[in-house]
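Visitor: Sequence and computational prediction follow.
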Amino acid sequence: MTITYGRPSVRDRVIFGDLVPFDEVWRTGANEATTITFSEGIKVEGESLEAGTYGLFTIPRKNGEWTIIFNSVADQWGAYNYDPDEDVLRLEVSIDNAPHMEQMMFYFEGVEDSSGMAVLHWKDVRMAFRIDEG
């Protein structure tokens with residue numbers, strides 16, 4: 001699995017609810033849309049997803065779970081041409097408060113026996129989703 005993304009910084013800005021509006025599709029990074037590539041079929045939060053490269057988008061919420069979106073159009077600039085009809089999978093995932101992270105980062109936790117958590121961490125927000133063998 002590979003995640004390719006632009007890595008924005010906080011730089012004393014209000015991020016969620018301002019730079020990244022609530023309740024709108026976000027490219028989940030800076031510049032080009034974030035992409036996620038799987039070399040074989042997998043399960044994300046128990047839902048099957050075929051091998052391939054996907055645009056990875058999110059819809060941040062002020063309260064409650066965020067929506068994570070796997071879109072079949074991977075090569076996009078931002079979310080300007082995002083088309084929900086091209087979504088392959090949408091999931092609701094919990095977010096947690098986290099220590100300050102100046103630059104947005106994706107990383108992996110608890111990777112064992114071909115499963116683990118993919119984590120997005122930026123500012124004081126942590127969003128994780130489980131990935132398992134297909």
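Guide: Yep, that arrived.

Visitor: all strands of this protein, in order?
Guide: 2-6, 30-38, 42-44, 47-49, 52-59, 66-71, 87-93, 95-112, 115-133 (DSSP state E).

Visitor: can you tell which of these is closest to R13?
Guide: Between R13 and these, the shortest separation by Cβ to Cβ is 9.0 Å, and it involves strand 115-133. For glycine as for every other residue, the C-beta is placed from the backbone atoms N, C-alpha and C.

Visitor: Need the contact partners of the closest one.
Guide: With Cβ atoms under 8 Å, 6 or more residues apart in numbering as the test, strand 115-133 has contacts from 1, 3, 8, 10, 15-16, 28, 40, 42-46, 58, 60, 66, 68, 91, 93-101, 103-110, 114.

Visitor: Any buried residues in that strand, and which?
Guide: G116, A118, V119, L120, H121, W122, K123, V125, R126, M127, A128, I131 (16 or more other Cβ atoms under 10 Å).

Visitor: Tell me the gap between that strand and the middle of its chain.
Guide: 8 Å (Cα atoms, centre = their mean, to the nearest Å).

Visitor: what angle do that strand and strand 66-71 make?
Guide: Interaxial angle, strand 115-133 versus strand 66-71 (axes from the mean of the first three to the mean of the last three Cα atoms, to 10 degrees): 40 degrees.

Visitor: Which among the contacts of strand 115-133 count as buried?
Guide: By 16+ other Cβ under 10 Å, the contacts of strand 115-133 give 3, 8, 10, 15-16, 28, 42, 44, 58, 60, 66, 68, 91, 93, 95, 101, 104, 106 as buried.

Visitor: residues touching V14, list them.
Guide: V14 neighbours (Cβ under 8 Å, 6+ apart): none.
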